[in-house]
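Colleague: Sequence first, predicted coordinates after that:
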Amino acid sequence: MDTLIASLQGKLIVSCQAYVGEPMRHPETMAQVALSAERGGAAAIRCQGLADIAAIKGQVEVPVIGLWKEGHEGVYITPTLRHARACIAAGSDVVAIDATSRPRPDGRTFAETVEALRGETLIMADCSCMDDVHRALEAGVDIVSTTLAGYVPGGRAKTDGPDLEFLREAVAVAGDTPVFCEGRIHTTADARAAIDAGAFAIVVGTAITHPQSITGWFAGAIG
Ligand SMILES: CC(=O)N[C@H](C=O)[C@@H](O)[C@H](O)[C@H](O)COP(=O)(O)O
């Protein structure tokens, strides 16, 4: 296993993302958030967009998992080979890519995209279901992640917290390939449960770095 990935075993990765139109959507802001997460103990940062990747890479010492989201439907997480290479050029140590079988804008399959990138970067496969996990393992990715569970129409139901059942199933087939748990880890108990269910590492975004959502949770609890 790559030493960078080995360094993440049992650790917390923090996803620092602000969405289109949000007040915090600025690379400098995201770099400040990422640096705060690093000081709090994040072993790596996951982030979106070329400007954010570059700004964060310039601030933190820990590895950066980069992705480039384009669009909202179909394959939007690093949808093409060009997007992946741009993430590498921006400074990503690992590139996260949608591992579903849905059509991609450049016509390449997931496996063809992974093959083209071999030797250029480490690849994290964002999976939505077990078919994706099998596809990712066959393609020879470096990391499998539960990122897209609950977000693909007609796919797995969206669980309230992390999809631990999916995580367990993925861990059971992944062999030596690390499986990250990502998506809806909202509490420290969720984090512990994901590690106990076999996650190699966990990725937490919203609950740490998205104050708009967190404020909404609190406001909703008393409103
Ligand atoms: C589905 C999708 O597009 N997920 C994105 C992937 O990068 C992000 O919007 C999430 O914030 C990230 O996966 C972390 O998850 P959570 O914010 O639930 O801790």
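Modeller: Done, it's in.
Colleague: Please compute how far the helix or strand hosting Glu38 lies from its chain's middle.
Modeller: Per DSSP states H and E: Glu38 is located in helix 27-40. Put simply, helix 27-40 sits 17 Å off its chain's centre (Cα atoms, centre = their mean, to the nearest Å).
Colleague: Show me the contact partners of it.
Modeller: Residues from elsewhere that reach helix 27-40, judged by Cβ atoms under 8 Å, 6 or more residues apart in numbering: 14, 16-18, 24, 42, 45, 47, 49, 51-52, 54-56, 58-62, 208-209. (Each C-beta comes from the backbone N, C-alpha and C, glycine too.)
Colleague: In it, which residues are buried?
Modeller: Of the residues in helix 27-40, Pro27, Thr29, Met30, Ala31, Gln32, Val33, Ala34, Leu35, Ala37, Glu38 count as buried by neighbour count, 16 or more other Cβ atoms under 10 Å.
Colleague: which residues does the nearest residue to Gly205 once chain neighbours are set aside form a beta bridge with?
Modeller: Excluding its sequence neighbours, the residue lying closest to Gly205 (Cβ to Cβ, 6 or more residues apart in numbering) is Ser15, at 3.3 Å. With DSSP bridges as the criterion, Ser15 is bridged to Arg46.
Colleague: Just the pLDDT at Ser15, thanks.
Modeller: Note for Ser15: predicted pLDDT of 99.
Colleague: Same check on Tyr76?
Modeller: pLDDT at Tyr76 comes out at 98.
Colleague: can you tell me which residues contact it?
Modeller: Neighbour list for Tyr76: Lys69, Glu70, Asp98 [criterion: Cβ under 8 Å, 6+ apart].
Colleague: and the nearest residue to Thr78 once chain neighbours are set aside, how far is that from the ligand?
Modeller: Residue nearest to Thr78 in three dimensions, not counting chain neighbours: Ile97, with 4.5 Å by Cβ to Cβ, 6+ apart. Ile97 sits at a distance of 11 Å from the ligand (criterion: Cβ to the nearest ligand atom, to the nearest Å).
Colleague: Just grab the bridge partners of Ile97 for me.
Modeller: Ala125.
Colleague: what's the burial count for it?
Modeller: Neighbourhood size, Ile97 [other Cβ atoms under 10 Å]: 30.
Colleague: Gly216 too?
Modeller: Gly216 is flanked by 12 other residues according to other Cβ under 10 Å.
Colleague: Enumerate every residue touching Gly183.
Modeller: Thr146, Thr147, Leu148, Ala149, Gly150, Tyr151, Pro162, Asp163, Val203.
Colleague: swap in Leu12?
Modeller: With contacts taken as Cβ under 8 Å, 6+ apart, Leu12 has the following neighbours: Gly41, Ala42, Ala43, Ala191, Ala201, Ile202, Val204.
Colleague: Emit the PyMOL select command for whichever of these are buried.
Modeller: To isolate the buried ones among these in PyMOL, judged by 16+ other Cβ under 10 Å, type:
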select buried, resi 42+43+191+201+202+204
